[in-house]
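A.B. asks: With the sequence up front, the predicted model follows.
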Amino acid sequence: MIIGINHVGISVSSLDRAIGFYGNLLGMEVVVRKDFEGEQYSTILGLKNARGEVALLRHGDFQVELFAFEHPSPQPGDRNRPVCDHGITHLCVQVTDIEGEYARLKAAGVVFHCPPQYFFGTAIATYGRDPDGNVFEMLEMLSPDEPQKAPMD
């Protein structure tokens, strides 16, 4: 029986830069950071002689596992990969003040697809990109008891 999602794994070009983004900008805490190599990693990853560095970051029940591979040499992903392409398209972080978070992250240089958008009076959301071009969604759920917020400019 599946009881939930434990984490999302992301291959990154720079572990320090990714920790800066997910840790400093998105407020996640580094739980583990260590080198990895050996047969067990090679077997589970399906990569011969896999080695590099890994970090696990957490915020509440949400975890992100970041891999920076030394071997095999990774190929850079398309930093502008469309979210319609097959595969994992994004991860979502829920926030309470999307306008404030959007302004804060945009001021820090985060690239967004658009300003936050209203969806059917129940949610406000936007998509942005991490330093490697991976897409993340910011989502604010609106309370059915609270009046609809005015649309953003």
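C.D. replies: Thanks, I have the structure now. Numbers count the residues shown, from 1 in each chain.

A.B. asks: Going by C-alpha atoms from here, please, whenever you check contacts or count neighbours.
C.D. replies: Noted.

A.B. asks: Which parts of this structure are helices?
C.D. replies: Ranges of helices in the chain, per DSSP state H, are 15-19, 39-45, 98-107.

A.B. asks: quick one, which of those is nearest to Gly60?
C.D. replies: For the helices of the chain, proximity to Gly60 was assessed by C-alpha to C-alpha; helix 15-19 is nearest, at 16.6 Å.

A.B. asks: tell me what that closest one is packed against?
C.D. replies: Other helices and strands packing on helix 15-19, by 3 or more C-alpha pairs under 8 Å, 6 or more residues apart in numbering; DSSP states H and E, are strand 51-59, strand 62-71.

A.B. asks: mind putting those strands in TSV, mean neighbour count included?
C.D. replies: Formatted as TSV, the helices and strands packed on helix 15-19 follow (neighbours: other C-alpha atoms under 10 Å):
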stretch	mean neighbour count
strand 51-59	19
strand 62-71	19
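
A.B. asks: wait, which of those strands is closest to Gly38?
C.D. replies: strand 51-59 (7.3 Å).

A.B. asks: Could you list every helix and strand that the closest one packs against?
C.D. replies: Against strand 51-59 (3+ C-alpha pairs under 8 Å, 6+ apart) you get helix 15-19, strand 29-37, strand 62-71.

A.B. asks: sorry, back to before: if I average pLDDT within each of the helices of the chain, which one is lowest?
C.D. replies: Ranked by mean pLDDT, the helices of the chain end with helix 39-45 at the bottom, a mean of 90.

A.B. asks: Extract the CA atoms of it and return them as CSV.
C.D. replies: Extracted C-alpha coordinates of helix 39-45, given in CSV (Å, rounded to 0.1, in the frame of the first residue of the first chain):
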residue,chain,number,x,y,z
GLU,A,39,28.0,-0.8,-6.2
GLN,A,40,24.8,-0.1,-4.3
TYR,A,41,24.4,3.3,-5.8
SER,A,42,25.5,2.1,-9.3
THR,A,43,22.9,-0.7,-9.0
ILE,A,44,19.9,1.4,-7.9
LEU,A,45,20.7,4.3,-10.2
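
A.B. asks: Quick one: residues in contact with that helix.
C.D. replies: By C-alpha atoms under 8 Å, 6 or more residues apart in numbering, the list of residues contacting helix 39-45 from outside reads 48-51.

A.B. asks: Mind giving me the ChimeraX command for buried ones among these?
C.D. replies: To isolate the buried ones among the contacts of helix 39-45 in ChimeraX, judged by 16 or more other C-alpha atoms under 10 Å, type:
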select :49,50,51
